[in-house]
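J.: quick check, what structure comes out for this input:
(3 chains)
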Amino acid sequence: MDSLIPTGRVPDYLNRLNPEQRAAIETTDGPLLVLAGAGTGKTRVLTTRFAHILLSGRARPNQILAVTFTNKAAREMRERVSALLGEPAEGLWLGTFHALCARMLRRHAEYVGLTSSFTILDTDDQLRLLKQVLEPYRIDTKRWPPPAIMGVIQRWKDRGLVPDAITAAEDTDFANGRCAEIYTDYQSRLRQLNACDFGDLMLHMTEILRKHPDVLAQYHRFFRYILVDEYQDTNTIQYLWLRLLAHRSDQPSNICCVGDDDQSIYSWRGAEVENILRFERDFPGAKVVRLERNYRSTRQILAAASGLIAHNEERLGKTLHPGREDAEGEKVRVISVQDSDDEARMVGTEIERLRADGHTMSEIAILVRAGFQTRAFEERLITLGLPYRVVGGLRFYERAEIRDAIAYMRVVNQPSDDLAFERIINVPRRGVGATGLQKMHMHARERQIPLTAAVLEMLGTGDIKGRAKEQLAALMHTLGTTRDMLGREGHVVAIDHLLEESGYIDMWKADKSPDAPGRLENLKELVRSLADYENLGGFLEHVALVMDTEDRAGEDSMSIMTLHGAKGLEFDTVFLPGWEEGVFPSQRTLDEGGLKGLEEERRLAYVGITRARKLAIISHAANRRIYGNWQSAIPSRFVEELPAEHTETRGDTSNSRRSFLGRPAVFGSTPFPLVASRRVHDVTPSTSKASGMKVGVRVFHQKFGYGTITSVEGNRLEVAFEKAGPKRVIDTFVEQV
DNA sequence: CCGCATTTCCTAATT
DNA sequence: GGAAATGCGG
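T.: Numbering: from 1, shown residues only, chains lettered A, B, ... in the order given. Sure thing, here's the model as predicted:
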């Protein structure tokens, strides 16, 4: 293809790139893998490449398919491409995997038994639907909780397996091998409801592309170039979808995937690092460009992070070098403290000092492994009066009042949306209980009609009695008037009417709990945001797929968040607390994932350190309060793996890994297996009384009778009772016999 | 059908 | 320690 750029003149946007970045952008044709280390200008390469393809005349805006994982990334990319082009980028196929698939699927829905107006279910709906499907199976939900079964189905979908593809061998470990049946039923219920869950968007679209060569050919004609962000996070179905779109006979696969195998931290939700490791085999003739010049962090930080990640086996191999000469910086600090309260105190003190020295608060972050760790820091920061925000709590669209309001809108938009109707039928209370709802379900199933229609019929025949009768009649009337208003007065007015007349707003006005005013405020905000969309349908598509809201640019506050949440962000100073065996690396990951799990934890540690521009402060405590009781802990193996010449150790040295030598690091099934002696630090009063409680001791329990202790964990015992079987009990409730 | 008491569980989190 | 689900009495 002819270039529109005059020969001999390098366009502006290429001039300020380093040679690797330029190679990543100018290698436009054929498969390309860009291995972009942390802070090496990944987003810049991606957006500049996009603009370059357009500006050099290789493709028109709608001939590039650009895929991201999150809406945030898609938004950012759109903005930066627009900036490079000097005009708003419109008509692009740029979005998340799911948004792009939804857009395609609306055009071909009939191939998978749906209509183009299919509903996209959220996580709540999925689970509610699965529970309904589960009913006739009479499965012990204690042993096989519905969310776990949902997980099995989702993982099958992630791997591109339709119900028919599930082999018996695949379906052994769960719900007595009946998951495949459940999966089949669940899928047919979805089809009846004209609905998709998130997994279906990918699964259906991939099936269509696979079975209908004409459809595939159509997209091949469309897309000349494919760009993929965060390729290390793709799961199998996303890989299959990409491969179908990329592999073609008429031209080379112009697919460019950008990613970093060292930052793959999402295997637990289906991501396959193997996709990126295998790229060169999947796309013959592929070129690989490594971006290793880091412009973010100091040399000390990069060296510490590189030394740590070098302990991983499964990697393509890549070393970060400082991109600037002047960036020597401070060594990574490793601080040892007595207990988790001391740790919070230490972090608070350090932050106060940073603030006194004039550091901007928003340039400081505390990155934790798990959500439960945030509380200690929050409490400390409140005491000190330091502004902070916890990133990644409940988001706007996850709040109960927002989900309820959206369910109301869904029923208006699509009267056959049974799941939405079920959510709101008794909110506010309308005298409909489990039994009443069941009758309605039976009626609906008999007559093969949606729930709303069943309610109307039953109101007519007098099958609904009492308080429910009047209230439901009023609800149905409100739904009807709202639909009328939708056409005449616009969706904003109509929805306002709906939430008022249905009594939903009044329900919160009557609520005396302290968070009710906030909820009303959220509802107002929701109605206000409706105005940004042309119609109700457009709004609902947005909330189904774009479940995030713009970060509100607030005051100058520091961030507390999980390591996962911090990926892609950067701060001057980063605190990394809780580097203890069992916490980080997480015991559960070790138990379930073995060596692979450990390597993923190590990548998480690598992500954490590389978030810091100037200073990283790692800490570990000798004793930690977990779920209410004290447990002792030993420093994380990652502390030892940091190259000593790039770290500076402070604090109580008796709490080093050395003093725990002789206890081999093993993967065990018991929680915190390295710390058999943790009860030494147990300060709960119950232990003194129960000090004789050891494995093998025979005990008597008022309710369960006689038994033998099989495990001891703090004051919690597991006892094999002779009559009652294995039970977990608190030590004070049994007597030694 | 509702509200209160008791019991149970506890990784990460996007679409 | 605490949220959320379950169970029980009114």
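J.: so A:T647 makes contact with A:I335?
T.: No - counting by Cβ atoms under 8 Å, A:T647 stays clear of A:I335, with 10.5 Å between them. In this view, the C-beta of every residue, glycine as well, is placed from N, C-alpha and C.
J.: who has more neighbours out of the two?
T.: Between A:T647 and A:I335, counting by other Cβ atoms under 10 Å, A:I335 is the more crowded of the two (22 against 19).
J.: excluding covalently adjacent residues, which one is nearest to the more buried one?
T.: Leaving aside its sequence neighbours, A:I335 sits nearest to A:S619 (Cβ to Cβ, 6 or more residues apart in numbering; 4.4 Å).
J.: the one you found belongs to a strand?
T.: Yes - with DSSP: H, G, I helix; E, B strand; the rest coil as the criterion, A:S619 is located in a strand.
J.: ok, it to A:S336 distance?
T.: 7 Å (Cβ to Cβ, to the nearest Å).
J.: show me the contacts for the closest residue to DNA strand B within the stretch 301-450 of chain A.
T.: Per Cβ to the nearest atom of the strand, A:G433 is where the stretch 301-450 of chain A lies closest to DNA strand B, at 1.6 Å. Residues near A:G433 by Cβ atoms under 8 Å, 6 or more residues apart in numbering: A:N426.
J.: repeat that for A:E648.
T.: Contact partners of A:E648, counting by Cβ under 8 Å, 6+ apart, are A:E330, A:K331, A:V332, A:R333, A:V334.
J.: what is the distance between stretch A:184-193 and the centre of its chain?
T.: Averaging C-alpha positions (Cα atoms, centre = their mean, to the nearest Å) puts stretch A:184-193 25 Å from its chain's average.
J.: swap in stretch A:229-238?
T.: Relative to the chain's own centre, stretch A:229-238 is displaced by 14 Å; criterion: Cα atoms, centre = their mean.
J.: now swap in stretch A:243-261 and tell me
T.: Relative to the centre of its chain, stretch A:243-261 is centred 26 Å away, using Cα atoms, centre = their mean.
J.: distance of the closest residue to A:K211 other than its chain neighbours from DNA strand C?
T.: Spatial nearest neighbour of A:K211, excluding adjacent residues (Cβ to Cβ, 6+ apart): A:Y111 at 7.5 Å. Distance, A:Y111 to DNA strand C, by Cβ to the nearest atom of the strand, to the nearest Å: 36 Å.
J.: same check on A:D484?
T.: The gap separating A:D484 from DNA strand C is 36 Å, by Cβ to the nearest atom of the strand.
J.: go on, A:P252?
T.: A:P252 sits at a distance of 51 Å from DNA strand C (criterion: Cβ to the nearest atom of the strand).
J.: pLDDT at the residue of the stretch 51-200 of chain A found nearest DNA strand C, what is it?
T.: Of all residues in the stretch 51-200 of chain A, A:T141 sits closest to DNA strand C, at 6.4 Å by Cβ to the nearest atom of the strand. A:T141 carries a pLDDT value of 75.
J.: what helix or strand is it on?
T.: Using DSSP states H and E, A:T141 sits in no helix or strand.
J.: helices along the stretch 101-250 of chain A, start to end?
T.: Assigned helices in the stretch 101-250 of chain A, in chain order: A:123-134, A:146-158, A:179-192, A:198-211, A:213-222, A:236-246 (criterion: DSSP state H, counting those that start in this stretch).
J.: what parts of chain A come near DNA strand C?
T.: Proximity of chain A to DNA strand C (Cβ under 7 Å from any atom of the strand) is limited to residues A:T141, A:F372, A:Y627, A:G628.
J.: the residues you listed into CSV, with extra columns for neighbour count?
T.: Formatted as CSV, the residues of chain A next to DNA strand C follow (neighbours: other Cβ atoms under 10 Å):
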residue, neighbour count
A:T141, 14
A:F372, 12
A:Y627, 8
A:G628, 8
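J.: of the residues you listed, list those near DNA strand B.
T.: A:F372, A:Y627.
J.: which ones among the residues of chain A next to DNA strand C map onto strands?
T.: Nothing among these maps onto strands, per DSSP state E.
J.: in a markdown table: the residues of chain A next to DNA strand C, plus distance to A:G608.
T.: Listed next are the residues of chain A next to DNA strand C as a markdown table, based on distance: Cβ to Cβ, whole Å:
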| residue | distance to A:G608 |
| --- | --- |
| A:T141 | 37 |
| A:F372 | 17 |
| A:Y627 | 24 |
| A:G628 | 27 |
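J.: close enough to count as contact, A:P31 and A:P252?
T.: Yes - contact criterion Cβ under 8 Å: A:P31 and A:P252 qualify, at 7.3 Å.
J.: what about the stretch 51-200 of chain A, any weak spots by pLDDT?
T.: Low-confidence segments of the stretch 51-200 of chain A, defined by pLDDT under 70, span residues A:173-175.
J.: how about the strands in it?
T.: Counting by DSSP state E, counting those that start in this stretch, the stretch 51-200 of chain A has these strands, from start to end: A:64-68, A:93-96, A:119-120, A:195-196.
J.: could the C-alpha coordinates of the first one be exported in PDB?
T.: Pointing back at strand A:64-68 there. Extracted in PDB, the C-alpha atoms of strand A:64-68 (Å, rounded to 0.1, in the frame of the first residue of the first chain):
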ATOM      1  CA  ILE A  64      -9.100  -1.400  12.300                       C
ATOM      2  CA  LEU A  65     -10.200  -3.700  15.100                       C
ATOM      3  CA  ALA A  66      -8.800  -2.500  18.500                       C
ATOM      4  CA  VAL A  67      -9.500  -4.600  21.500                       C
ATOM      5  CA  THR A  68      -9.000  -3.900  25.200                       C
END
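J.: before we move on, the earlier item: what about the residue nearest to A:K211, neighbour count?
T.: Neighbourhood size, A:Y111 [other Cβ under 10 Å]: 16.
J.: enumerate every residue touching it.
T.: A:E207, A:I208, A:K211, A:H212, A:V215.
J.: swap in A:S416?
T.: Contacts for A:S416 (Cβ under 8 Å, 6+ apart) come out as A:L193, A:N194, A:P450, A:T452.
J.: partner residues bridging the residue of the stretch 501-650 of chain A found nearest DNA strand B?
T.: When scored by Cβ to the nearest atom of the strand, the stretch 501-650 of chain A has A:T562 as its residue closest to DNA strand B, at 3.3 Å. Bridge pairing for A:T562 (DSSP bridges) gives the partners A:V368.
J.: my read: it touches A:A365, true?
T.: No - using Cβ under 8 Å, A:T562 is not in contact with A:A365, being 10.8 Å away.
J.: neighbour count winner among the two?
T.: In this view A:T562 and A:A365 are compared by other Cβ under 10 Å, and A:A365 has more residues nearby, 24 against 19.
J.: distance between the ends of stretch A:155-171?
T.: In stretch A:155-171, first residue to last residue: 12 Å (Cα to Cα, to the nearest Å).
J.: pLDDT at the closest residue in space to A:P387 that isn't next to it in sequence, what is it?
T.: In space, A:P387 comes closest to A:S557 once its chain neighbours are excluded; the distance is 3.8 Å by Cβ to Cβ, 6+ apart. If you check A:S557, the pLDDT there is 87.
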